[in-house]
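quick one: sequence plus predicted model below, questions after.
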Amino acid sequence: MGTVILGTGSCLPVKRVSNHDLEGILDTSDEWIQSRTGIKARRISGKGEQTYNLATEAARGALDMAGMTADQLDIIVVATISSHMLMPSCACFVQKELGATKAFAYDINAACSGFLYALDLGDKYIRADPTKKILIIGAEALSARMNWADRNTCILFGDGAGAAILGHQQGESGYINSNFFSDGNLWHLLYMHTATSNNAELCVEDNPGAHVVMEGREIFKYAVKAMEDAVRGLLLKEKITIDSVNLVIPHQENIRILNNLIERLEITKEK
Ligand SMILES: CC(C)(COP(=O)(O)OP(=O)(O)OC[C@H]1O[C@@H](n2cnc3c(N)ncnc32)[C@H](O)[C@@H]1OP(=O)(O)O)[C@@H](O)C(=O)NCCC(=O)NCCS
């Protein structure tokens with residue numbers, strides 16, 4: 001049919017930080033975090049675990065599973081908002097680490113949804129040229145971009161990377177369709193400044209520094225509705241019902257949002 005995933009890989013930093021560990025630095029509790037989010041612990045990068053290191057390890061796993069070598073890759077796309085440098089891209093560092101000499105490489109910024117956008121992008125390349133082999137990666141070391149004094153936000157995020165190799169295969173299976181939308185009007189609910197401007201004319205007022213700022217409660221309300229709309233819109237495009245879907249793989253860290261989605265879509269927890 002078309003674009004398929006030939007292999008996947010993932011990588012987590014070594015250090016595991018539990019909710020109990022956070023009790024030591026924040027006014028919070030394991031009970032609060034677990035009951036509000038379902039989260040018990042997160043991984044946090046240490047020395048030698050920059051975003052590109054995690055991304056490279058994830059890519060190696062995906063190459064292994066696909067039975068491929070790095071020199072067979074045509075394109076590398078990394079979805080990230082937390083590379084250790086703005087330029088060159090995280091993808092260029094991955095290319096260097098892997099020795100993927102034939103590939104061109106770049107990053108995309110779609111924040112939490114980045115991996116999905118990379119997947120869609122990869123599909124479009126393969127539809128244009130089925131011989132292409134594309135490495136897509138979602139990688140973050142968001143611990144470097146947290147305000148560790150903001151208990152509303154820092155408890156939710158962690159570090160890690162996931163990778164997939166995309167290629168073309170004849171047969172029944174393959175990428176079918178996508179349904180994306182954005183709402184820039186809501187930028188103020190979840191944002192991160194860059195470093196302050198060296199051009200005084202371009203300085204943004206109230207720049208608190210390059211860390212994530214979030215209005216969790218508002219995001220929560222928006223996320224449940226937006227995720228439902230995204231799924232329903234896609235089903236409508238394909239003229240199918242949720243009953244013919246075997247598995248829903250959401251990107252969302254809060255178990256309460258997921259439970260809400262399960263109810264709205266009227267699907268079983270197993271799905
Ligand atoms: C962030 C989130 C967990 C907060 O849960 P919530 O149930 O909405 O909690 P609220 O923001 O209503 O806060 C309730 C109270 O708990 C307090 N609180 C917030 N964080 C806390 C923490 N870590 N520990 C203890 N108390 C905390 C708040 O200060 C507030 O106290 P107040 O009532 O005295 O003001 C939740 O809103 C969420 O997950 N939102 C979605 C986030 C998301 O999806 N982000 C995008 C990532 S891709």
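Arrived safely. Residues are numbered from 1 along each chain as shown.

got the residues of the stretch 51-200 of the chain near the ligand?
For the stretch 51-200 of the chain, the residues in contact with the ligand under the definition Cβ under 6 Å from any ligand atom are 112, 151-152, 155-156, 190. Backbone N, C-alpha and C define where each C-beta goes, glycine included.

rerun at 8 Å
111-113, 151-157, 190 (Cβ under 8 Å from any ligand atom).

just the buried ones from those residues?
Under a neighbour-count criterion of 16 or more other Cβ atoms under 10 Å, the subset of these counted as buried comprises 112, 153-157, 190.

how far away is the residue of the chain found nearest the ligand from Tyr175?
Among all residues of the chain, Gly216 sits closest to the ligand, at 2.6 Å; criterion: Cβ to the nearest ligand atom. The gap separating Gly216 from Tyr175 is 32 Å, by Cβ to Cβ, to the nearest Å.

again with Val231
Following Cβ to Cβ, the distance that separates Val231 from Tyr175 is 16 Å.

can you name the next helix or strand after the top helix by length along the chain?
The residue-count maximum for a helix in the chain (DSSP state H) belongs to helix 216-238. The helix or strand immediately downstream of helix 216-238 is helix 255-265, counting by DSSP states H and E.

check whether that next one comes near the ligand.
Yes - figure legend: helix 255-265 in contact with the ligand (Cβ under 8 Å from any ligand atom); contacting residues 256-257.

may I see the buried residues of that helix?
Across helix 255-265, burial judged by 16+ other Cβ under 10 Å covers 257-258, 260-261, 265.

how many residues are close by Lys40?
The local packing count at Lys40 equals 12, with neighbours defined by other Cβ atoms under 10 Å.

how about Tyr52?
Tyr52 has 28 neighbouring residues, counting by other Cβ under 10 Å.
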